[in-house]
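Engineer: Provide a 3D model corresponding to the input given below.
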Amino acid sequence: MNNNNETITLIGAGLVGSLLAVLLAKRGFKVEIYERRPDMRRNDISAGRSINLALANRGIEPLVQAGLMDKVSPILTPMKGRMVHDLEGNENFQSYGQKPEEVIYSVSRGDLNKICLDAAEATGLVTIHFDHKCEFVDFDRKELSLKKHQDDSLITAPFERVIGTDGSASAVREAIHQISSKQHDILQLGHSYKELRIPPSESGDFQIDANSLHIWPRGGYMVIALPNEDASFTVTLFMPTSGEVSFDSINDKTSVIDFFKQNFSDMIPLLPDLEVDYFENPTGNLATVKCSPWHHQDIALLLGDAAHAVVPFHGQGMNCGFEDALDLAQTIDSAIGKNGKLVWSEIFSQVDDNRKVNGDAIADMAIENYITMRDSVRDEKFLLRNALAFELENKFPEYFCPRYSMVMFHRLPYSEAKSRGIIQEEILQLLTENISSLNEVDYTAAESLIIEKLNKVKLNP
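Structural biologist: Numbers count the residues shown, from 1 in each chain. Reported below is the predicted structural model:
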């Protein structure tokens, strides 16, 4: 417990900011948060953002450390694997893992954020100022310029130390990078997304399998569906922003219906409000943020999407941001444990060093997984390599763990999961190059390749 009564200012009370506030308050810090949106506990502010997200082990551990899992667990819906729907309407279930605990969870973004906000305020050390948009950060004066939503008036507020958890358009990041910038890339994917909805059946039940993440892969585009607590599904269409098949080209009721009849005909009976949802819900942008540095001296730090926004195809944006927050909290703990003195420049620098390489790694893997989801899941060789990866995990558990499992079910650094994943994919390619079934695998050759190319892996749950 920190006893110096220092106040830390956060910009952004979304998922990462609100959880970080809980972790900091548990360490005795006073926290001031400025949030541009109104209080979601009293206002509907979904505005087309993803309604539900995938929570995995990396995100669960910070919630455990914050003491929130007893409140979060009841709102989770387990997803054991992906259910792939082909053009003819056939379904093929592909398990994410092979152990009972290897599942991911669909969770409401809003409900989870509300739990974190309530917990932050319940500490008595956190004050949240809603409807305050941060326009500028002055590091010399240690002063924020804020616009109040109610009357568009501009005010200033002092700060001692500021952490930007204000998303991909971060004002804190802009301020840091006006002073020093080694990298400031906002990489547009060229694809966008739109949310639709499968309602519950007339009897109030799920209309498709409740414990799967559903995918309709079509090569250059796809639809996914995640289950909600009320037996509905949040459906997301991903496709190019412009081009022959794109959001630009599918822009009237006739073209929407024709597009779904041609590519997703089995979905049409499940989407009674297809036309309304398509035209009333906004089209969301998809981009990756890679930047350096993540901090400025002992004054400012970036976490979450402000530092490393990623596309959503590995379900790790929230999980990575939560991991950032826990890393900062544990870095503070280590500093207190050494000599009780907090040297913030060292703390911020250490978090930057720890997390930057991992933020870049998950950003790259998320884009790779988009190709997997919209295309590779239909490929027989891909399915064979996946099946072989499970077999190698069973036979050589000290060395081999499928990359998806390393990312989703363990807390191995993303950078290590990425580097090991590249080597493992090479091994899988070699072993399946001239075969068509697991019965043909040369496991003696597999063992030699694995021991030659991989060190033992230290997995944590």
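
Engineer: So in the protein, which strand runs the longest?
Structural biologist: When the chain is parsed with DSSP state E, its longest strand is strand 183-198.

Engineer: Now that strand: average pLDDT?
Structural biologist: For strand 183-198, mean pLDDT is 96.

Engineer: That strand: what's the following helix or strand?
Structural biologist: strand 212-217 (DSSP states H and E).

Engineer: Neighbouring strands - and their directions - for the next helix or strand after that next one?
Structural biologist: Downstream of strand 212-217, the first helix or strand assigned by DSSP H and E is strand 222-227. If you go by DSSP bridges, strand 222-227 pairs up with strand 212-217 (antiparallel), strand 233-240 (antiparallel).

Engineer: of those, which approaches residue 460 most closely?
Structural biologist: Set against residue 460 and scored by CB to CB, those come closest in strand 212-217, at 24.0 Å. All C-beta atoms are positioned from the backbone trio N, CA, C, and that covers glycine.

Engineer: quick one, what contacts residue 225?
Structural biologist: 198, 208, 213-214, 233-236 (CB atoms under 8 Å, 6 or more residues apart in numbering).

Engineer: quick one: it from residue 138, how far?
Structural biologist: Plainly put, residue 225 is 45 Å away from residue 138 if you go by CB to CB, to the nearest Å.

Engineer: try residue 450
Structural biologist: Between residue 450 and residue 138 the computed distance is 55 Å (CB to CB).

Engineer: Would you mind listing where this protein has pLDDT under the threshold?
Structural biologist: 1-4, 45-50, 461 (pLDDT under 70).

Engineer: Only alpha carbons, please: show stretch 170-187 as CSV.
Structural biologist: Output of stretch 170-187 as CSV, limited to C-alpha atoms (Å, rounded to 0.1, in the frame of the first residue of the first chain):
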residue,chain,number,x,y,z
SER,A,170,-5.4,9.7,-27.7
ALA,A,171,-4.8,13.4,-26.8
VAL,A,172,-2.1,12.2,-24.4
ARG,A,173,-0.3,10.4,-27.2
GLU,A,174,-0.4,13.5,-29.4
ALA,A,175,1.1,15.6,-26.6
ILE,A,176,3.9,13.1,-26.0
HIS,A,177,4.7,12.8,-29.7
GLN,A,178,4.8,16.6,-30.2
ILE,A,179,7.8,16.5,-28.0
SER,A,180,9.5,13.2,-28.9
SER,A,181,8.5,10.6,-31.5
LYS,A,182,10.4,7.6,-32.7
GLN,A,183,7.3,6.0,-34.3
HIS,A,184,3.8,7.3,-34.7
ASP,A,185,2.0,5.0,-37.2
ILE,A,186,-1.8,4.8,-37.6
LEU,A,187,-2.1,1.9,-40.1
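
Engineer: Would you pull up how far it lies from the middle of the chain?
Structural biologist: A distance of 21 Å separates the centroid of the chain from that of stretch 170-187, by CA atoms, centre = their mean, to the nearest Å.

Engineer: Would you confirm that residue 275 contacts residue 257?
Structural biologist: Yes: under the criterion of CB atoms under 8 Å, residue 275 makes contact with residue 257 at 7.3 Å.

Engineer: Thank you, goodbye.
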